[in-house]
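J.: What follows is a predicted protein model with its sequence.
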Amino acid sequence: MGSDWTQLPSELLESIAKKLNIYADYLRLQAVCRSWRSAVPKIPHHLPLQPPWLMLPPTTQQTYRAVFDLSTNELHYLSLPEDYTKPSMRPLGSSQGWLFILDLSPNVFLLNPFTRSKLDLPPLFTFPKVRSFDSHYIDGEYMLQSASPQGFSYRRSSPYMRDCYIKKVVLSSSPSKDPNFVATAIVNVPSELVYCRSGDDSWSVTEVPNSFSEDVIYFHGSFYAVNNFGDLAVCDLSGASPQVSFIRTPRTSPFRCEILYLVGSDDGLFLLARHHGTEWLGANDGRRRTFKFDVFRLNWSGPVWEEVTSLEGKTLFIGGNSTFSLRASDFPGCKYKENCIYYTEECSENNFDYELYVDKGGDIGIYNVVNGNIEPLPTFFQTLQWPPPIWVTPNPW
């Protein structure tokens, strides 16, 4: 007589579940049968930071979004709330496993695509440089204030505000785990770093100088922003008002690259300089492509950025997401490559060409820091639609 696997002791199943460190494996265990699902916690709080999945652009089936798990080379489909699958909705990026979503309305949302949890943030018309919003002005609904000393005003359309106004949003923690989370956002034009706390009605300035708008991360309890010289502004938002300090690095000229990224790890802080070039497809036909990264690690005793040619086994993930790192060795069996940078298209007003992106394939790939080689992501990513794909870490809570 065969064994009845559905009758395994709940203590044994719970012990097995605690040894799983990949969210997809935990879901498979829960899916075996009803008794297994009831024997283990619904939310696996023991899981470490998860390897990311790549959320693909929407298809004609709007109620589902495809995500590709590169650790197993498997495609999954997430069912999103109906209100968040309208064609006008655009996920701008991700942080802490949550998507930051904008619409043609002034509304700003956070959405956990794995739990379907939703959260409202203060609307666009509450940003410090937004003077007013009037839906009667077609193609100019927003009145913005310039950064010039004269402070003149100009109008921008709702599509512009959705697609170009904000460069990146970073969370201090997952909103479902920490009711006192803080969100920071880099505004493209005029460049500035703004923030809101959980429960705020509007966004506020951080008092960080406008030049520190290349990238921002949450690291060691503060938000770190970088300028194009590699200097850091450290913004502590834990108190009643922002406290800003600076880490100056001895560099007399700016980095000559298109984009800079900050990446925090368990044992240091990295700065990535992304370089683009033109890949020619014909005599007068080319497309923009990333051709290399310069990688630096902060020597705190300088402080100085020191160029490195190895990530010491780490894997970095950059793009519209809040950057992060992991060690591939912490996830045996996963297909991530160590000492590599997994990158997606970075789309902002200053560096994105929609026609080149859609017609000639997105600028996404895997850069090997040790030998400088670039590998493509799976071939079905090479012809893409708007918006670009986004790294998002599975967050089951």
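T.: Yes, it's here.

J.: packing partners for the helix or strand containing M161?
T.: Using DSSP states H and E, the element containing M161 is helix 158-163. Contacting helix 158-163 under the criterion 3 or more Cβ pairs under 8 Å, 6 or more residues apart in numbering; DSSP states H and E are the following elements: strand 142-145. Bear in mind the C-beta positions are built from the backbone N, C-alpha and C, glycine included.

J.: elements contacting the helix or strand following the strand it packs on?
T.: Scanning forward in sequence from strand 142-145 by DSSP H and E, the next helix or strand is strand 153-156. Helices and strands touching strand 153-156, by 3+ Cβ pairs under 8 Å, 6+ apart, are strand 142-145.

J.: And the strand it packs on, what's buried?
T.: Neighbour counts over strand 142-145 (16 or more other Cβ atoms under 10 Å) mark 142-144 as buried.

J.: for that strand, packing partners?
T.: In terms of contact count using 3+ Cβ pairs under 8 Å, 6+ apart, strand 142-145 is assigned the packing partners strand 130-133, strand 153-156, helix 158-163.

J.: Give me the buried positions along the second one.
T.: Burial within strand 153-156, assessed by neighbour count using 16+ other Cβ under 10 Å, is assigned to R156.

J.: Run the chain-centre distance for the helix holding M161.
T.: Offset of helix 158-163 from its chain centre (Cα atoms, centre = their mean, to the nearest Å): 19 Å.

J.: Can you list the neighbours in contact with it?
T.: Here helix 158-163 makes contact (Cβ atoms under 8 Å, 6 or more residues apart in numbering) with 88, 90, 102-106, 124, 141-142, 347.

J.: Report the backbone C-alpha coordinates of that helix in CSV.
T.: Once non-C-alpha atoms are left out, helix 158-163 reads as follows in CSV (Å, rounded to 0.1, in the frame of the first residue of the first chain):
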residue,chain,number,x,y,z
SER,A,158,-0.6,64.6,-17.6
PRO,A,159,1.3,62.1,-19.8
TYR,A,160,4.5,64.1,-19.2
MET,A,161,4.0,64.0,-15.5
ARG,A,162,3.3,60.3,-15.5
ASP,A,163,6.2,59.3,-17.8
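
J.: Can you name the element that comes right after that helix?
T.: The C-terminal neighbour of helix 158-163 among helices and strands, as given by DSSP H and E, is strand 166-171.

J.: Not counting its own residues, what contacts that next one?
T.: Residues external to strand 166-171 that are found in contact with it (Cβ under 8 Å, 6+ apart): 92-93, 95-96, 98, 100, 102, 110, 181-188, 213, 215-218, 223, 320, 322, 348.

J.: Just the buried ones from these?
T.: Judged by neighbour count, with buriedness set by 16+ other Cβ under 10 Å, the buried members of these are 92-93, 95-96, 98, 100, 102, 110, 181-187, 213, 215-218, 223, 320, 322, 348.

J.: And the pLDDT for the residue nearest to S173 when sequence neighbours are not counted?
T.: Nearest non-adjacent residue to S173, counting by Cβ to Cβ, 6 or more residues apart in numbering: F181, 4.8 Å away. Note on F181: pLDDT of 97.
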